[in-house]
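# Pasting a predicted model and its sequence here:
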Amino acid sequence: MGSLFRSILGVPVAAVIVIGLFLLMYGLIRVDEVPPPNEGDPVNINIGRQIEDSAVQNQKRFERPSLDQPPPPPPAINQQTFRPTVDAVPASTPNFSANVDLGSAFNPDRDAQPLVRLEPQNWDRCIDKDGYSERVTVEFDVTPEGQTTNINIVASSDSCLNRAARRAVQRWKYQPKIEDGEAKPRFGVRTQFTFQSAE
């Protein structure tokens, strides 16, 4: 019932509003107030503008100044190559008549020699007091290729440092032991690490 009443009342109200708006717009745009154009006035439409020559365009084109004298020619080179000529000096080879006996002092054999020795890292977490000073002794073997192997902790004053010492020795590189001109393994190399903290 309410919707029927709204539609009956709404249709006439909407029609009144539409007619009112139509009349308002018609009043705003009256065609009869626009003055008609005069028939005698000619219509002049310029599409392109004519360009007139200016004083700058009428000037002569720029010309390069002529040189008083041409540059001198490059010097003539008569030689084919620039290498200096050096005459050889004849000389005779010296004659040494020395009898040298190397004896037993010359020995090509050598023990394993360290090439790369890196310091232990990440051991600061083991410090628990000022003036920290601990020692770890490590024993290992050196292969004929110069790698460390069979790494063992022989003595340690703090077991927390063992891992840092073992990892440092794993990264060391050696010149291998030489016997009779051949690389041999070196057994039982010992080294001691001293871990100290600043006081």
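Cool, the structure landed. Treat the numbers as computed from the prediction; the structure is a model and nothing was measured.
# going forward, measure contacts and count neighbours with C-alpha atoms only.
OK.
# which one's the longest helix in the protein?
Using DSSP state H, we find that the single longest helix of the chain is helix 2-28.
# Check which element follows that one along the chain.
strand 113-116 (DSSP states H and E).
# what's that following strand in contact with?
171-177 (CA atoms under 8 Å, 6 or more residues apart in numbering).
# and if we set it to 7 Å?
172-176 (CA atoms under 7 Å, 6 or more residues apart in numbering).
# and D128, how many neighbours?
By the measure other CA atoms under 10 Å, the count of residues near D128 is 9.
# Mind checking what secondary structure it has?
Put simply, D128 is coil when judged by DSSP: H, G, I helix; E, B strand; the rest coil.
# roughly how far apart are it and I8?
Relative to I8, D128 is positioned 95 Å away (criterion: CA to CA, to the nearest Å).
# next helix or strand past the lowest-mean-pLDDT helix or strand in the chain?
None of the helices or strands of the chain scores lower by mean pLDDT, DSSP states H and E than strand 113-116, at a mean of 83. Downstream of strand 113-116, the first helix or strand assigned by DSSP H and E is strand 133-142.
# wait, W123 sits on R163?
No: applying CA atoms under 7 Å as the test, W123 and R163 come out as separate, 8.6 Å apart.
# Just confirm V154 is within a helix.
No: checked against three-state DSSP, V154 lies outside a helix; its state is strand.
# So the closest residue to D111 other than its chain neighbours versus V169, what's the distance?
In space, and not counting its chain neighbours, D111 is closest to K177: 4.5 Å by CA to CA, 6 or more residues apart in numbering. Distance, K177 to V169, using CA to CA: 17 Å.
# The closest residue to V138 other than its chain neighbours - how many residues pack around it?
Distances taken as CA to CA, 6+ apart place I153 nearest to V138, at 4.6 Å, with adjacent residues excluded. The tally of other residues near I153 (other CA under 10 Å) stands at 17.
# L161 now?
Neighbours of L161 (other CA under 10 Å): 24.
# Assign Q192 to one of the three secondary structure states.
Applying three-state DSSP: Q192 is strand.
# Give me the neighbour count for it.
Around Q192 there are 15 residues (other CA under 10 Å).
# One more: A76?
6.
# cool, and V136?
A count of neighbours around V136, defined by other CA under 10 Å, yields 21.
# From T149, how far out is it?
V136 is 17 Å from T149, where distance means CA to CA.
# hang on, the earlier thing: tell me which strands the least confident helix or strand of the chain pairs with, and in which orientation.
Sheet partners assigned to strand 113-116 using DSSP bridges are listed as strand 173-175 (antiparallel).
# can you list the weak-confidence ranges in this protein?
By pLDDT under 70, the weakly predicted segments of the chain are 1, 30-62, 65, 67, 77-109, 129-131, 198-199.
# just to revisit the earlier point, and the residue nearest to V138, what does it touch?
Contacts of I153 by CA under 7 Å, 6+ apart are 137-139, 162.
# All set, thanks.
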